[in-house]
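Visitor: got a predicted structure plus its sequence, pasted below:
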Amino acid sequence: MQGFPKSQRLLRHSDFRKVYSEGRRHFGPHMTVFYRTRKEAPSASWRVGFTVGKVLGGAVARNRIKRRLREAVRLSVQSRLGGADVVIHPKRSVLESDFSALRSEIERAFEAIERCLEKEKLTKPR
RNA sequence: CAGUCGGGCCGGACGGCCGCUCGCUACGCUUCAUCGCGCAGAGAGAGGAAAGUCCGAACUCCGCAGAGCAGUGUGCCGGAUAACGUCCGGGCGGCUGAUGUGAAGAUCAGCUGACGGAAGUGCCACAGAAAACAUACCGCCCCAGGUUGGCUUAAGACCCUUUUGCUUUGCGGAAGGGUUUUGGGUGGUUUGGGGUAAGGGUGAAAAGGUGCGGUAAGAGCGCACCGCCGUCUCAGUAAUGAGGCGGGCAGGGAAAACCCCACACGGAGCAAGACCAAAUAGGGAGGGAGCUUCGGCUUCUGCCGGGGCGCGUGCUGGCUCGGUGCGCUAAACCUUCGGGUAGGUCGCUAGAGCCAUGCAGUAAUGCGUGGCCCAGAGGAAUGGUCGUCCUGCUGGCAACAGCAGACAGAAUUCGGCUUAUAUGGUCCGGCUGCCUC
RNA sequence: GUGAGUGUAGCUCAGUUGGCAGAGCACCGGGUUGUGGCCUCGGUGGUCGAGGGUUCAAGUCCCUUCACUCACC
């Protein structure tokens, strides 16, 4: 995938709340990923949001974390899974770690999400 | 040249590929048309502090008869400015350095200062005689008295020693020594009266400073220089300064204790505020069986009275003892209205703007001319990666390799202040040291 | 955006007309006990968040700054 426009970002507070209350989690060394299916629009494309709190540093550090994560998601995610909302909670190590490591971790996380959601889709309609 | 202090400016440079946000242009889808969505092109896209939120304004809404009090802030003078607690210039004080002096005062340069007022209330621990209407204490000096077993002196008396004369158990003279009485001087001690404020270990601070004279002792008591107060003249817009005259001299610190004086200040803040507006809940209004004919009133809509036809006892409760009552009312239902939440749009970037330059002004700054458009997000864009170069450090003879490049991210917009910034770079000024002419 | 508060010993906190830096727990040593605890006696321990200023003198007064906490729209 090439672009990462704003329509594929998770921007609303209510969307974040839905992901936290209804979703599942996946843990990695640099981040924690929350995700859920979009029941109201299953055919739409996936969306990703980032939560970077004040604990992670000043405005410069927070901006840098968000930008690196956004770029890693843009370059890494190849999947065509539809109707998923994903929220990424990064850790402080994102600021210093290698960019390739960030990419591989995000790839792994999305593969896991894809497997899980496929299973849900298969089991639910019955 | 090096070091140090103060200030100004800069805040790594260029490029390839792939992305993000914004507005512009063109095309496609949708639509009556906008709007919206997609895609392409050429553009733009963090700072000197964007930070802290310490001041001041613009802008918006609310409030507002006038005056006073309270509260908060500011505080040498003049100017700049939209305004300011900011800036510029000046004055005065402090510190440092140099010149100079016996020492001060003085002159020059740099840095620096919350720099109105000590009238009122309160405070100044410890130490110290005394800490704020100054005088009490010690001390110094004078006078008077008492006392003294000190020293000295005069006179008298007595005793001893030596010597000498005579009338020789004695008497007299001279010298020396001792004891004692009286008087004087001086000193000690003490009492009373008076004169003083020079001195008194202290303390942060002690009622002008230094020197000479003067005095019983002292003292601005007198004098010289310096400081201080008052007044006059001159210079200056003023703060203030200079000079003359007069006065021997008032007066501690602290107002960043309360306070007094002068001046300023309505409150809230872009989450201000304006518009559009779902779902849910609640509020207001209306609805339910009327239709038709005749007469009257009326500009019309419509209202009143009489007659005819039709439906129904409406799914509930209350208003009349019961019934009737095309009566009222509540709930439910339906329609509709406005407020308003989520959400969206505007406010939102052309401005006390930037660049160049001329004139006025010591300067801050003002006036003019020409050119330019320079971020506008909203869970919040300005990025990722690669390459070349620059600066510094490390390793290496070198080529080169590795590492590092700070502080920090617009959020309504400006003017300031403060703080953070690489063994950073560069420029200017002061001081010190060394070298050369 | 606006407003308020806190910072003192290892921990929890006192400290006002500005003049000695304190309490409890903890720690160390002695006593008590066969040993330990409890108890008792004594002691160590402070850049008063940081930097300036006012003052003779600052934990205290003033200014700047840092960190943390809370409240409101």
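Guide: Structure received.
Visitor: for A:Y20, give me its contacts.
Guide: A:F34, A:V87 (Cβ atoms under 8 Å, 6 or more residues apart in numbering). Any C-beta I mention is one placed from the backbone N, CA and C, and that applies to glycine too.
Visitor: the residue most central in space within chain A: what secondary structure?
Guide: When Cα atoms, centre = their mean is applied to chain A, the residue found nearest the centroid is A:V86 (3.9 Å). Three-state call for A:V86 (DSSP: H, G, I helix; E, B strand; the rest coil): strand.
Visitor: wait, isn't it in contact with A:V48?
Guide: Yes. Between A:V86 and A:V48 there is a contact at 4.8 Å, judged by Cβ atoms under 8 Å.
Visitor: picking up where we left off before, who are the contact partners of the residue nearest to the centre of chain A?
Guide: Counting by Cβ under 8 Å, 6+ apart, A:V86 has contacts A:L10, A:V19, A:V33, A:F34, A:Y35, A:W46, A:R47, A:V48, A:G49, A:F110, A:I113.
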